[in-house]
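S.K.: just to be clear, the model below is a prediction. Sequence and coordinates:
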Amino acid sequence: MHVCAILGTARPGSYTGHAFALVLDELEARGVETLDVIRPANLVLGFPDSGVDDADADAMREIICRADGLIFATPEYHGGMAAMAKLIIENLGFPSVLKGKPVALVGCAAGDLGAVKALEQLRSILSHVGALPLPGAVSVAGVRNVFNEDGTCTDDKTEARIRTTATRLTDYLTTGNA
């Protein structure tokens, strides 16, 4: 099983990054043989056809082409997904290399409603480019109350829900059921 996990923010120490770390830990615990991680803080991405060197975008597309499925994590900023998450998708070509790929989603937000709007937007865009967003996206609300300063999740129920992102994808890849 080859999984690609994408972090949709470059913000250092982000709550989404903390949730993402739990998902990665769960993927490893579930025995995922190959796990590629895309962290945009380590990439140079430009708008398509803007003249920015495409080397990182090309490498990202190659990784995703090899993946059986993906995890995509985004924060909710101002009622939508992070601009960095959208920039990653924009750099995946058209037709997108996401076409036909199952994708499990997780989103984080400071507010009481969680990342519902960001996840709706991400699901819609992924569907439009031909990806297969899995049901049961995980929205983490009140992130300041569920992660401590070192990034540890302090709420067992929230941590279990975040980890289901990995479970949902690996179950789908092994059985075809989300």
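M.R.: Happy to help now that I have it.
S.K.: you'd agree residue 70 is in a helix?
M.R.: No - under DSSP: H, G, I helix; E, B strand; the rest coil, residue 70 falls outside any helix and is assigned strand.
S.K.: hang on, it packs against residue 106?
M.R.: No - in this structure, residue 70 is not within contact of residue 106 by CB atoms under 8 Å, at 11.5 Å. No exception for glycine: its C-beta is placed from N, CA and C like everyone else's.
S.K.: between the two, which one's more packed in?
M.R.: residue 106 (29 against 25; other CB atoms under 10 Å).
S.K.: isn't that one right up against residue 137?
M.R.: Yes - between residue 106 and residue 137 there is a contact under CB under 8 Å: 6.9 Å.
S.K.: got the CA positions of stretch 21-35 in PDB?
M.R.: Extracted as PDB, the C-alpha positions of stretch 21-35 are listed here (Å, rounded to 0.1, in the frame of the first residue of the first chain):
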ATOM      1  CA  ALA A  21       1.300  14.100  12.700                       C
ATOM      2  CA  LEU A  22      -1.300  11.900  14.400                       C
ATOM      3  CA  VAL A  23      -2.600  10.700  11.000                       C
ATOM      4  CA  LEU A  24       1.000   9.900   9.900                       C
ATOM      5  CA  ASP A  25       1.500   8.000  13.200                       C
ATOM      6  CA  GLU A  26      -1.700   6.000  12.600                       C
ATOM      7  CA  LEU A  27      -0.700   5.200   9.000                       C
ATOM      8  CA  GLU A  28       2.600   3.800  10.200                       C
ATOM      9  CA  ALA A  29       0.900   1.800  13.000                       C
ATOM     10  CA  ARG A  30      -1.400   0.300  10.400                       C
ATOM     11  CA  GLY A  31       1.600  -0.900   8.400                       C
ATOM     12  CA  VAL A  32       1.500   1.300   5.400                       C
ATOM     13  CA  GLU A  33       4.500   0.100   3.300                       C
ATOM     14  CA  THR A  34       5.200   3.300   1.500                       C
ATOM     15  CA  LEU A  35       4.400   6.700   2.900                       C
END
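S.K.: for it, list every residue counted as buried.
M.R.: 21-24, 26-27, 30, 32, 35 (16 or more other CB atoms under 10 Å).
S.K.: would you mind measuring from the residue nearest the centre of the chain to residue 10?
M.R.: Taking CA atoms, centre = their mean, the centroid of the chain lies closest to residue 72, which sits 1.4 Å from it. From residue 72 over to residue 10 the distance is 15 Å, taken as CB to CB, to the nearest Å.
S.K.: same thing with residue 103?
M.R.: 20 Å.
S.K.: between these two, which one's more packed in?
M.R.: More crowded of residue 103 and residue 10, by other CB under 10 Å: residue 103, with 23 against 17.
S.K.: thanks a lot, see you next time.
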